[in-house]
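>>> Let's see this in three dimensions:
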Amino acid sequence: MLQRFRKRAVPAAQSGEQARSAGDGDDDAGHRLRAPSRLHAFNRYEIKYLVDTAAAAELRQEIEGRLDRDSHSGDTGYGIWSVYYDTRHLRFYWEKIEGLKFRRKLRVRHYGDRFTVSADTPVFVEIKQRINRVTQKRRVRLPYRDALQLCDRREMVEHEPSQRAFLEEVLDLILRLDLRPTAMTGYQRHAYVGRDADVGLRVTFDQRIRGRDRDFHLGADTENRLIIPAGKTIVEVKANDRVPYWLTDLTARRNLQVVRVSKYCQSVEAYGLAPRSIFHVPDHDLDRSTVLSEA
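Here you go, the predicted model:
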């Protein structure tokens, strides 16, 4: 059974269904936009754990005998920075909190050092959506200037014929729901991929999870704050079909507990854009001296 959002003294305009309908475009359009496209799509099951960073390091050592490092990980991992788009009333945020069986997010994502981002830097415009228990991600690779033209200036960009359907869907979503940049997240990722019988399996370890609620240019020289305590790591298991038994046994042996945690929602709540939900990761053990100094 899904847990519901904890009752708080929230204005009526921010309660579930009202928050999604007020100012978010006509309802028929919203339902039409929920029809998933089959273009540029892949489906996965995703399971998340919130793990002490020291325990996560031990877990990484244990799985390295069975999985290969992602070719981009190296010894230090790689950075991931994402700008999330939402409505003025945080429709996508509330859909996640309420556990709707169909929900989605729009984001612009960059892999690597954000301080190297320029107009020509390749980024991904992505729609990530969940249909029941399956996560579907569709995306297109664009120069950063084109991603901004599409998502911020709301103009179609030059593209290959095969990209047109997805780009039209993104632009339609932005225009009909009046989407705008809402929150940003960034973190360091170590990733592992399956081989042989485990092909399709992917396990990621995300640390130093930061965010901000302004200055949304990916390359902006601005401060971020930790939105997940520094001593915690989000471990995510992604599988096309099923999680192999050896991995479920490993997580059970280590007593890892499945959590509902969203980096986007965490950033929204950390900056007071919405009341903290029952799924918010407490920040009581944050080192206050580093909260505003994370690059």
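
>>> mind listing what L247 touches?
Taking CB atoms under 8 Å, 6 or more residues apart in numbering, we find L247 in contact with I63, L201, V203, V237. To be clear about C-beta, it is placed using only N, CA and C from the backbone, and glycine gets the same treatment.

>>> from what I can see T182 touches S82, true?
No: counting by CB atoms under 8 Å, T182 does not reach S82; the two are 11.2 Å apart.

>>> Tell me which helix or strand comes right after the helix or strand hosting N43.
Secondary structure assignment for N43, by DSSP states H and E: strand 41-52. Along the chain past strand 41-52, the next helix or strand (assigned with DSSP H and E) turns out to be helix 53-63.

>>> Which elements pack onto that next one?
Packed against helix 53-63 by the contact rule (3 or more CB pairs under 8 Å, 6 or more residues apart in numbering; DSSP states H and E) you find strand 180-193, strand 202-212, strand 232-239, helix 245-253.

>>> Bridging across strands, which residues link to R44?
T135 (DSSP bridges).

>>> Please report how far the closest residue to D178 other than its chain neighbours lies from T182.
Take D178 and drop its neighbours on the chain: the residue closest to it by CB to CB, 6 or more residues apart in numbering is T87, 6.2 Å away. Taking CB to CB, to the nearest Å as the criterion, T87 is separated from T182 by 8 Å.

>>> Check S277 too.
Applying CB to CB, one obtains 16 Å for the distance of S277 from T182.

>>> picking that back up, return the closest of the contacts of L247 with respect to D120.
For those, the minimum distance to D120 (CB to CB) is 32.3 Å, reached by V203.

>>> wouldn't S118 be in contact with Y144 here?
Yes: S118 is within contact range of Y144, at 6.9 Å (criterion: CB under 8 Å).
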